[in-house]
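Undergrad: here is my input; please provide its structure:
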Amino acid sequence: MGELTKHRLEVLLQSGPVTIDPDPPRKRDKYGRLLVRLIVKGEDVACVLIREGYARPWRGRREDWCTDVSLAQQDDAEPEACAATSSVP
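TA: Model (predicted):
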């Protein structure tokens, strides 16, 4: 599943203009990493990967989903940031 996801991300990155937007500005995770949104052709890459079954939204804990590809497609609930619109303004 990881190799498939990596390939899909490579295709997305080559498909158009790429923008990195802080989300929200200057916010960092518990390890000090800057949180950003990766935007390709105006669309949030995380939302694309979730919608296509390559990723899952983070729910505050690790979940085993790579062992069965069908599990990645089982959870059709998109995060709030993705549900409102498929494109980033």
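Undergrad: what ranges do the helices span in this protein?
TA: For the chain, helices defined by DSSP state H occupy the ranges 2-14, 45-51, 69-74, 80-83.
Undergrad: switch these over to a markdown table; also include mean neighbour count and distance to V36.
TA: In this view, the C-beta of every residue, glycine as well, is placed from N, C-alpha and C. Putting the helices of the chain into a markdown table (neighbours: other CB atoms under 10 Å; distance: least, CB to CB, whole Å) gives the following:
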| stretch | mean neighbour count | distance to V36 |
| --- | --- | --- |
| helix 2-14 | 12 | 14 |
| helix 45-51 | 19 | 10 |
| helix 69-74 | 13 | 23 |
| helix 80-83 | 13 | 13 |
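Undergrad: hey, least reliable of those helices by pLDDT?
TA: Of all the helices of the chain, the minimum mean pLDDT falls on helix 69-74 (a mean of 47).
Undergrad: ok so, going back, closest to D23 out of the helices of the chain?
TA: helix 80-83 (8.3 Å; CB to CB).
Undergrad: quick one on the thing from earlier: can I get the helices of the chain in TSV including distance to R28?
TA: What follows is the helices of the chain, written out as TSV (distance: least, CB to CB, whole Å):
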stretch	distance to R28
helix 2-14	23
helix 45-51	17
helix 69-74	28
helix 80-83	18
